[in-house]
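**Q** A structural model of the following input is requested.
(chains A and B)
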Amino acid sequence: MSDFLPVDEQMDLLQKGAAEIIRVSDLRERLEESRKTGRPLRVKAGFDPTAPDLHLGHTVLMRKLRHFQQLGHTVIFLVGDFTSLIGDPTGRNVTRKPLTREQINANAETYKEQVFRILDEKATEVRYNSEWLGKLDYEGTIRLTAHFTVSQMLERDEFHKRFQAEQPISLHELLYPVMQGYDSVALNCDVELGGTDQRFNLGCGRELQRHYGQKPQIILMTPILEGLDGVQKMSKSLSNAIGFNEPAGEMYGKLMSISDELMWKYWALLTDLKQSEVSELEQAVLGGMQHPMGVKKRLARTITAGFHGEMAAAGAEENWARMFQAGETAENLEEVSVAYANVAGPEPNTIRLPKLLVLIGLAASGAEANRKIAEKAVKLDGETAAGVVVAIGPLPARMVVRLGKRAKVAVIS
RNA sequence: GCACAGGUGGCCGAGCGGUUAAUGGCAGCAGACUGUAAAUCUGCCGCUCCUUGCGAGCUACGGAGGUUCGAAUCCUCCCCUGUGCACCA
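**A** Next up, the predicted model:
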């Protein structure tokens, strides 16, 4: 009586790339029930609107959300605005400043705009948790927290470690899992998705739902994607991330810089290839049938195309090969215009190279630019820059400036 | 509130009156190598200026003062973190 696929087929898709499901049998049961009654499952994932810049690590979870969506279930995109209004002191950093309402809304918009490149906007329910958390007064909060004990909270690995290391844990940090759990109650969730690092918080939802007479939600955890270094999780602040909004060339280049070993994980988590297909590829490389570089190029191209389209991805590939394999200069480099006055050298028709490097964004500071020039890491139109002061042709002058892997075209006028 | 231990560069962590922009590790950047990488080796790794020099200046060791020719290092006050104590009063 319903349009839902047979449960086995649904499970096949949903289990792919999932790190852990609590519990698989429950999910199966719930899917069967949904199919019988024709009621789609309510699937929630929460997002923190403090850092609206998404990267590939986030897509792991979103791809999984999309799978639910494809199967006809209801995906709830929950903005954790209430949390951000208070300010989250997680980690040893100084307490983060609470965001203003305007900032949160702006961030949420940015977030949505990026997320809906993967999710179907029309089929997604967007909610803000201030909707119910904001109404919870002091009494409600106390009643809510009474469902948990201190030792339950300290079971959470992160708290446990910090406690052992005698690092601060502020009281309201303990409330975050509680609030997140309450979200599940308020939304009457069937399933909640999160990274494996969210295990504890996700579990709090189950716990609370029991207390509120709801069936505990099923938890589906997605693996944490390692960043470009292959060791730490992908994160903007560790600068090992590939952002949604990066140009095709950047994206492609960064993907090519991952280690051969890491590549398999990326294949599995960031493409639509089935696990068996990834394993086949891996065997082919191990057996010498395929070159790892070729396979990595395909990976970089596939992922880049997902964001920028086939054309752009092909272009990025071509440029990359030119730059790094043939040692030539890429086409379509970013052009940056610079006023001569800002880079003027001591003599007419000369410029100060460090200033130029800073202005076009290849060096963070003049001091750094100086060092790089001394290290002979800077090339102008293919020639290693000999010194700080460089002669240029008549204005407007145009040259390809390269520092290490990155290159830009400077137009001086 | 009291006692004790701490707060050092992106992170961890030395230094405890003077060649100190501050040992070391991690991260980062560049060069070599290579199939882009990874691994390895080498160099760099606060900022500004120019006459690019083993140049000059500025800023930095929780905060504010002070002692001293000279302080991350000593003193005073304050802020922050952790641990312990807090019953008879």
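
**Q** residues touching residue A:124, list them.
**A** For residue A:124, the contacting residues are A:69, A:75, A:76, A:77, A:116, by Cβ atoms under 8 Å, 6 or more residues apart in numbering. All C-beta atoms are positioned from the backbone trio N, CA, C, and that covers glycine.

**Q** ok, 10 Å please
**A** For residue A:124, the contacting residues are A:65, A:66, A:69, A:74, A:75, A:76, A:77, A:112, A:115, A:116, by Cβ atoms under 10 Å, 6 or more residues apart in numbering.

**Q** what is the burial count for the residue in the stretch 251-400 of chain A positioned nearest to RNA strand B?
**A** Residue nearest to RNA strand B within the stretch 251-400 of chain A: residue A:377 (2.8 Å; Cβ to the nearest atom of the strand). By the criterion of other Cβ atoms under 10 Å, residue A:377 has 16 neighbours.

**Q** touching, it and residue A:384? I think so.
**A** Yes - applying Cβ atoms under 10 Å as the test, residue A:377 and residue A:384 come out as touching, 8.4 Å apart.

**Q** any shared contact partners between these two?
**A** Common neighbours of residue A:377 and residue A:384 (criterion: Cβ under 10 Å, 6+ apart): residue A:402.

**Q** tell me which element residue A:13 is part of?
**A** helix A:7-15 (DSSP states H and E).

**Q** try residue A:77
**A** Assigned by DSSP H and E, residue A:77 belongs to strand A:74-79.

**Q** now residue A:61
**A** Using DSSP H and E, the element containing residue A:61 is helix A:56-70.

**Q** strands along the stretch 51-200 of chain A, start to end?
**A** Remark: strands assigned in the stretch 51-200 of chain A by DSSP state E, counting those that start in this stretch are A:74-79, A:124-128, A:191-195.

**Q** dump those into JSON lines; add distance to RNA strand B as well.
**A** As requested, these are exported to JSON lines (distance: least, Cβ to the nearest atom of the strand, whole Å):
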{"stretch": "strand A:74-79", "distance to RNA strand B": "28"}
{"stretch": "strand A:124-128", "distance to RNA strand B": "30"}
{"stretch": "strand A:191-195", "distance to RNA strand B": "21"}
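
**Q** can you put the ones you listed in JSON lines and add mean pLDDT?
**A** Shown next, in JSON lines, are these (pLDDT from 0 to 100):
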{"stretch": "strand A:74-79", "mean pLDDT": "92"}
{"stretch": "strand A:124-128", "mean pLDDT": "92"}
{"stretch": "strand A:191-195", "mean pLDDT": "90"}
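
**Q** so who does residue A:159 touch?
**A** Residue A:159 sits next to A:153, A:167, A:169, A:173, A:174, A:177, A:200 when contact means Cβ under 10 Å, 6+ apart.

**Q** so which of these is the most crowded?
**A** The residue in the contacts of residue A:159 with the most neighbours, by other Cβ under 10 Å, is residue A:177 (23 neighbours).

**Q** what residues does the stretch 301-413 of chain A have near RNA strand B?
**A** Within the stretch 301-413 of chain A, the positions adjacent to RNA strand B are A:324-325, A:346, A:352, A:354-355, A:358, A:364-368, A:370-372, A:375-377, A:387-389, A:403-406 by Cβ under 7 Å from any atom of the strand.

**Q** kindly recompute the last result at 6 Å.
**A** A:324-325, A:346, A:352, A:364-368, A:370-372, A:375, A:377, A:388, A:403-405 (Cβ under 6 Å from any atom of the strand).

**Q** picking that back up, which element follows the helix holding residue A:13 toward the C-terminus?
**A** Helix A:7-15 is succeeded, C-terminally, by strand A:20-22 (DSSP H and E).

**Q** do you know how far residue A:177 is from RNA strand B?
**A** Residue A:177 is 18 Å from RNA strand B, where distance means Cβ to the nearest atom of the strand, to the nearest Å.

**Q** show the pLDDT at that residue.
**A** Residue A:177 is assigned 86 on the pLDDT scale.

**Q** what's the answer for the one 5 residues further on, then?
**A** Reading off the per-residue confidence, residue A:182 sits at a pLDDT of 92.

**Q** right, and it touches residue A:214 too?
**A** No - assessed by Cβ under 10 Å, residue A:182 is found out of contact with residue A:214, at 11.5 Å.

**Q** in terms of neighbours, single out the busier of those two.
**A** residue A:182 (25 against 16).

**Q** where does chain A have low pLDDT?
**A** Applying pLDDT under 70 to chain A flags residues A:1-2, A:51-52, A:85-99, A:237, A:325-332.

**Q** for it, what's the longest helix?
**A** Across chain A, the longest stretch assigned as helix under DSSP state H is helix A:292-320.

**Q** buried subset of the contacts of residue A:124 as a ChimeraX selection?
**A** Entered in ChimeraX, the line below selects the buried ones among those, by 16 or more other Cβ atoms under 10 Å:
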select /A:65,66,69,74,75,76,77,112,115
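
**Q** JSON lines please, covering the contacts of residue A:124 and showing distance to residue A:279.
**A** JSON lines is the format used below for the contacts of residue A:124 (distance: Cβ to Cβ, whole Å):
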{"residue": "A:65", "distance to residue A:279": "25"}
{"residue": "A:66", "distance to residue A:279": "23"}
{"residue": "A:69", "distance to residue A:279": "27"}
{"residue": "A:74", "distance to residue A:279": "33"}
{"residue": "A:75", "distance to residue A:279": "29"}
{"residue": "A:76", "distance to residue A:279": "34"}
{"residue": "A:77", "distance to residue A:279": "33"}
{"residue": "A:112", "distance to residue A:279": "36"}
{"residue": "A:115", "distance to residue A:279": "30"}
{"residue": "A:116", "distance to residue A:279": "32"}
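
**Q** and stretch A:283-301, how far apart are its ends?
**A** 21 Å (Cα to Cα, to the nearest Å).

**Q** same check on stretch A:282-290?
**A** OK, stretch A:282-290 end separation, Cα to Cα: 9 Å.
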